[in-house]
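> coords please:
(one chain, ligands or ions: 1)
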Amino acid sequence: MRRAVCPGSFDPVTKGHIDIFERASAMFDELIVSVFYNPGKDKAMFSMDERVEMLKIATSHIQNIRVTSFSGLLNEFCVQEKAPFIVRGLRAFTDFEYEFQRALLIKKMDNNLETVFIMTNSHYSFVSSSGVRELATFGAKLTNLVPECIEERVREYVRQKAD
Ligand code: ADP
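Predicted coordinates for the structure are as follows:
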């Protein structure tokens, strides 16, 4: 079975992520979407459990996806899950620099792991979780940025914060 891991913060999941999942799931038998704790991004909007729950709802139309979370090293997770492929989405040059370094570092730790990059869909090249968080804070519409089923959750979060 060809199994791949798609790791990320997904805080929150966007339409850009969903596009990558849909395309990657057609390339592998099973795609494990995993929320990773990222110490560099400690200003999270949603807890890891909330992000997993939202990902499950937003990916329910994709048959061969499993959603989970992990707080350790990505290479350890891949070994645990018997998944030798890592899928990452690529937007602009800024993503490339970061992803390039990250892929080489992972390869250095485990030579059996391959990182596969999927180029962003031009409709979503400007979509990022941080942009969504910023727009949501100011009450902007999130249509076309996050899946419809997630939009209300983000609004609810902002409403509760304002109370
Ligand atoms: P991380 O904190 O690991 O960067 P993110 O949740 O921000 O996690 O992103 C997960 C992956 O999805 C990364 O590879 C990122 O480049 C990719 N990604 C994010 N937004 C988009 C988008 N709009 N189009 C394509 N790929 C994207």
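> So which elements touch the helix ranked longest in the chain?
The helix that spans the most residues within the chain, counting by DSSP state H, is helix 93-109. The helices and strands touching helix 93-109, judged by 3 or more C-beta pairs under 8 Å, 6 or more residues apart in numbering; DSSP states H and E, are helix 74-80, strand 85-90, strand 114-119. The C-beta positions use only the backbone N, C-alpha and C, and glycine is treated the same way.
> Give the buried residues for the first one.
Pointing back at helix 74-80 there. For helix 74-80, burial by neighbour count (16 or more other C-beta atoms under 10 Å) applies to 74-75, 77-78.
> Adding pLDDT as columns, could you present those residues in CSV?
Listed next are the buried residues of helix 74-80 as CSV, based on pLDDT from 0 to 100:
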residue, pLDDT
L74, 96
N75, 96
F77, 97
C78, 98
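> okay, those residues in CSV with distance to E97 next?
Listed next are the buried residues of helix 74-80 as CSV, based on distance: C-beta to C-beta, whole Å:
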residue, distance to E97
L74, 18
N75, 21
F77, 24
C78, 23
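> list the contacts for A83?
Contact partners of A83, counting by C-beta atoms under 8 Å, 6 or more residues apart in numbering, are 3-5, 30, 32.
> Please tell me how far it sits from R91.
To R91, A83 is 23 Å away according to C-beta to C-beta, to the nearest Å.
> What of D29?
D29 sits 27 Å away from R91, going by C-beta to C-beta.
> out of the two, which sits in the more crowded spot?
Neighbour comparison, D29 and R91: the larger count goes to R91, with 16 against 10 (by other C-beta atoms under 10 Å).
> Need the three-state assignment for A4.
strand (DSSP: H, G, I helix; E, B strand; the rest coil).
> confidence score at the nearest residue to N121 once chain neighbours are set aside?
Leaving aside its chain neighbours, N121 sits nearest to D19 (4.6 Å; criterion: C-beta to C-beta, 6 or more residues apart in numbering). Looking at D19, its pLDDT stands at 98.
> Doesn't D19 belong to a helix?
Yes. Counting by three-state DSSP, D19 is located in a helix.
> and it, what does it touch?
By C-beta under 8 Å, 6+ apart, the neighbours of D19 are 89, 120-121, 123-124.
> let's go with 10 Å and repeat that
D19 is in contact with 89, 118, 120-121, 123-124, 127, counting by C-beta atoms under 10 Å, 6 or more residues apart in numbering.
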